[in-house]
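Student: I'd like to go over a predicted model; first the sequence, then the structure.
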Amino acid sequence: AILLICIGIALVFWLLVKLSQRYTTMRPVAFDFEIPEGRALSDAPPEDMRVEIEGTGWDLLFDYFSNPVIELHYNLSQTDDLLLNRSQLRSEILRQLSSNDIKINEINYESIDLELEEKITKTVPVQLQRKITFSAEYHLRDSIQLRPDSITVTGPVSKVEQIQRWRTDSLVIEKIESNVTREVSLESPPEAVSLNTQSVEV
């Protein structure tokens, strides 16, 4: 019992000493935007933004548990352009940290330039990408059916206007001898564009 008490006391003092030292760590940074109805960002904000911060173990530990992801909030109702340089990003991030003793060493983006555009919705046909073969003496009795055969694409006008059709992932079936039904995923949309469904039935 005395040995366990001594080990426990030593562990407490070791923990106090370790957490009093200074460390560096990487923290993710997320963005939250208030966007007016009928508008959309021409490009999505970066999802891989990281900031390297330095502080004592106590400060970093408390900051992590109180705010595991640093989130920056912006209201875009009064502007169509948002340019954030390194100095602005540093200032905004510092305001989100729980202690003034934590400092920023590095941010992995020099600047972030975001622009609002008109948001539109467009219906386009689905194009099946396929590689199918039949067993001997078998062939298609009718045309291949897609359900749904068209999808709705939503996003900034500069990107949505260029879309004329939407392709599926590749469907590969060999030696078909009977009716076949498969669910096939659609190709992933680019940033800032969304689809009303992620797959179709073939």
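Tutor: Looks like it arrived, so ask away. Numbering: from 1, shown residues only.

Student: Write down the beta-bridge partners of Ile104, one by one.
Tutor: For Ile104, the beta-bridge partners under DSSP bridges are Ile53.

Student: For Thr24, see how far away it is.
Tutor: Taking CB to CB, to the nearest Å as the measure, Ile104 falls 10 Å from Thr24. No exception for glycine: its C-beta is placed from N, CA and C like everyone else's.

Student: and for the two, which residues touch both?
Tutor: Residues touching both Ile104 and Thr24 (CB atoms under 8 Å, 6 or more residues apart in numbering) are Glu52, Ile53, Glu54.

Student: Could you export the residues you listed as JSON lines, including pLDDT and neighbour count?
Tutor: JSON lines is the format used below for the shared contacts of Ile104 and Thr24 (pLDDT from 0 to 100; neighbours: other CB atoms under 10 Å):
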{"residue": "Glu52", "pLDDT": "94", "neighbour count": "14"}
{"residue": "Ile53", "pLDDT": "93", "neighbour count": "24"}
{"residue": "Glu54", "pLDDT": "93", "neighbour count": "16"}
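
Student: Output these as a markdown table; include the columns distance to Thr79.
Tutor: Shown next, in a markdown table, are the shared contacts of Ile104 and Thr24 (distance: CB to CB, whole Å):
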| residue | distance to Thr79 |
| --- | --- |
| Glu52 | 30 |
| Ile53 | 29 |
| Glu54 | 33 |
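
Student: hmm, back to that, neighbour count for Ile104 and Thr24, which is higher?
Tutor: Taking other CB atoms under 10 Å, Ile104 and Thr24 do not tie; Ile104 has more neighbours (17 against 12).

Student: I figured the more buried one was touching Ile70, is that so?
Tutor: No: with contacts defined as CB atoms under 8 Å, Ile104 does not count as touching Ile70, sitting 10.3 Å away.

Student: okay, and the common contacts of the two?
Tutor: Val51, Ile93.

Student: does Val193 really touch Val157, like I thought?
Tutor: No: Val193 is not in contact with Val157 according to CB under 8 Å; the separation is 11.1 Å.

Student: Please enumerate the helices of this structure.
Tutor: For the chain, helices defined by DSSP state H occupy the ranges 2-20, 57-66, 86-96, 157-160.

Student: And those helices: which comes nearest Thr168?
Tutor: Evaluated with CB to CB, the helices of the chain place helix 157-160 nearest to Thr168, the distance being 18.9 Å.
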